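K.L.:
Only the shape, not the letters, is given here:
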Ligand SMILES: Nc1ncnc2c1ncn2[C@@H]1O[C@H](COP(=O)(O)OP(=O)(O)O)[C@@H](O)[C@H]1O
Ligand SMILES: [Mg+2]
């Protein structure tokens, strides 16, 4: 029998937080997103400038979890705010969800989804469209639209939160090649309003609201392009969407992707002229920003902001250290800190005394590093381990291609066999220490570097375990920074 009701209480509520401060979701295009965004001033400015520079697609490339989506969202929101405060004459309206493509995406269904979301956001922002003296005909049309039978019907059937069809509650909606997804909307069944009709109407509104080319638009993000798993697949899908979506007046497009997929797009003659180059490279946030970044979240979510020291069951220094050994991946960091906090609460140790926080954290970290390593160390060869160490060295910083074999060999004290190299990569992948990101089987010669491998968070922690156990001697140049960090935190 359950003797207490504690398990109903959210782990963070029991620590004194209104909600988890360590969510791994992207920052949104709203005030809270703006408050939580730390360490990206220059990049926000750069992305905002590109969004305002109409006619070309803004492209962001960077590792998964580094902060691309957050950066675009907050930059778009700042542009929106700048318009509201009269600092720019361009009205940019962020969407509250980004789009995601799948491998066999249905072009019609994808376009339908885009126009539905755009219609939604224009409705949601209608007060701004009225208040900020947009061209007359535009206002009249929006007015007519709001009072049209379609909208009346939707208002009646869908309540205040008008939707033009069903979509999931996810922050990113993929249509999964389901051709009927867009067509089963209430519009079709309820009022006989054909999909093409909605698209036409939305295009008309956009032309009215943004009647002068270049005076603004709705910011639409196609996110996680690396999920297409192949540079060629991404290119083909986007090429198919090009004429339907990328030159619609009043839409500002953004592409985000990891592992070089965006660079592969730039190699497409059919897309190159549409992209704003050079591509924005989003790097890791410097570790010096981690403390203020976490503090901003604590301030946002603590019920009593004066209680930081007491409520957070680990030290900010430990969080910063974890970031460094996680190969500076922000999403992994937040994920690990979140599971650490939940773990403490679940074993009834959420209320750690300040003096014991570090010791407790170290104990947990040992479990994630040296103990995990002991459990798997004998499962692959010494040479495969050497490959992991070199992948984490300053030469590669966690990302490399199969073609980098030569460089691996010259960075190693032990001779690595070229024929075994792919096998070691597979071994490391099997243990979840490496992920392979792009495997373009098409054989198209586009200069795109295929078979990109990235060390996972688990791989980074295991490498750290090897480092502190002094098992990384095969490295020609030892990972000095990690050693320094380790001695400082030991
Ligand atoms: N500059 C930042 N300040 C605070 N938190 C951030 C920042 N950038 C990203 N994050 C957080 O890091 C995680 C990963 O960010 P996200 O934008 O989803 O990365 P990506 O799109 O590159 O995969 C999310 O939890 C997000 O809230
Ligand atoms: Mg993202």
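P.N.:
Right, received. Where do you want to start? These numbers were taken from a predicted model, which means no experiment stands behind them. Ligands and ions are numbered 1, 2, ... in the order given.
K.L.:
Secondary structure element holding the closest residue to residue 377 other than its chain neighbours?
P.N.:
Nearest residue to residue 377, sequence neighbours excluded (CB to CB, 6 or more residues apart in numbering): residue 385, at 7.6 Å. Any C-beta I mention is one placed from the backbone N, CA and C, and that applies to glycine too. Using DSSP states H and E, the element containing residue 385 is helix 382-391.
K.L.:
Show me which positions of that helix end up buried.
P.N.:
If you call a residue buried by 16 or more other CB atoms under 10 Å, then helix 382-391 has these buried ones: 383, 384, 385, 386, 387, 388, 389, 390, 391.
K.L.:
Next up, the contacts around the residue in the stretch 151-300 of the chain that ligand 1 sits nearest to.
P.N.:
Residue nearest to ligand 1 within the stretch 151-300 of the chain: residue 293 (4.8 Å; CB to the nearest ligand atom). Neighbouring residues of residue 293 by CB atoms under 8 Å, 6 or more residues apart in numbering: 36, 38, 39, 285, 330.
K.L.:
Using a markdown table, please lay out these together with distance to ligand 1.
P.N.:
As requested, these are exported to a markdown table (distance: CB to the nearest ligand atom, whole Å):
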| residue | distance to ligand 1 |
| --- | --- |
| 36 | 5 |
| 38 | 4 |
| 39 | 5 |
| 285 | 6 |
| 330 | 4 |
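K.L.:
Would you mind listing where the stretch 51-200 of the chain has pLDDT under the threshold?
P.N.:
Along the stretch 51-200 of the chain, segments meeting pLDDT under 70 span 130-196.
K.L.:
show me where it has strands.
P.N.:
Secondary structure of the stretch 51-200 of the chain (DSSP state E, counting those that start in this stretch): strands at 58-61, 91-94, 98-100, 172-174.
K.L.:
Show me what whatever helix or strand residue 356 lives in is packed against.
P.N.:
In the assignment (DSSP H and E), residue 356 maps to helix 354-366. Here helix 354-366 touches helix 316-325, helix 330-346, going by 3 or more CB pairs under 8 Å, 6 or more residues apart in numbering; DSSP states H and E.
K.L.:
Select, out of the ones you listed, the one closest to residue 64.
P.N.:
Nearest to residue 64, of all these, is helix 330-346, at 7.2 Å by CB to CB.
K.L.:
helices or strands up against the closest one?
P.N.:
Applying 3+ CB pairs under 8 Å, 6+ apart, we find helix 330-346 packed against helix 11-15, helix 290-301, helix 316-325, helix 354-366, helix 457-468.
K.L.:
who in the stretch 51-200 of the chain is up against ligand 1?
P.N.:
Applying CB under 6 Å from any ligand atom, we find that the stretch 51-200 of the chain lies next to ligand 1 at 62, 64, 65, 66, 67, 68, 69, 70.
K.L.:
which residues touch the fourth one?
P.N.:
Residues touching residue 66, when contacts are defined by CB under 8 Å, 6+ apart, comprise 282, 283, 284, 285, 329, 330, 331.
K.L.:
tell me which element residue 45 falls in.
P.N.:
Using DSSP H and E, residue 45 falls within helix 41-52.
K.L.:
How is the chain divided into domains?
P.N.:
40-281, 377-489 (automatic domain parsing).
K.L.:
remind me which residues of the stretch 301-450 of the chain are low pLDDT?
P.N.:
Along the stretch 301-450 of the chain, segments meeting pLDDT under 70 span 438-450.
K.L.:
80 instead?
P.N.:
Within the stretch 301-450 of the chain, the segments meeting pLDDT under 80 span 308-309, 437-450.
K.L.:
Show me which residues of it are close to ligand 1?
P.N.:
Within reach of ligand 1 by CB under 6 Å from any ligand atom, the stretch 301-450 of the chain has these residues: 330, 331, 334.
K.L.:
related to what we said a few turns ago, save the helices and strands packed on helix 354-366 as CSV, and put in mean neighbour count too.
P.N.:
CSV is the format used below for these (neighbours: other CB atoms under 10 Å):
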stretch, mean neighbour count
helix 316-325, 21
helix 330-346, 20
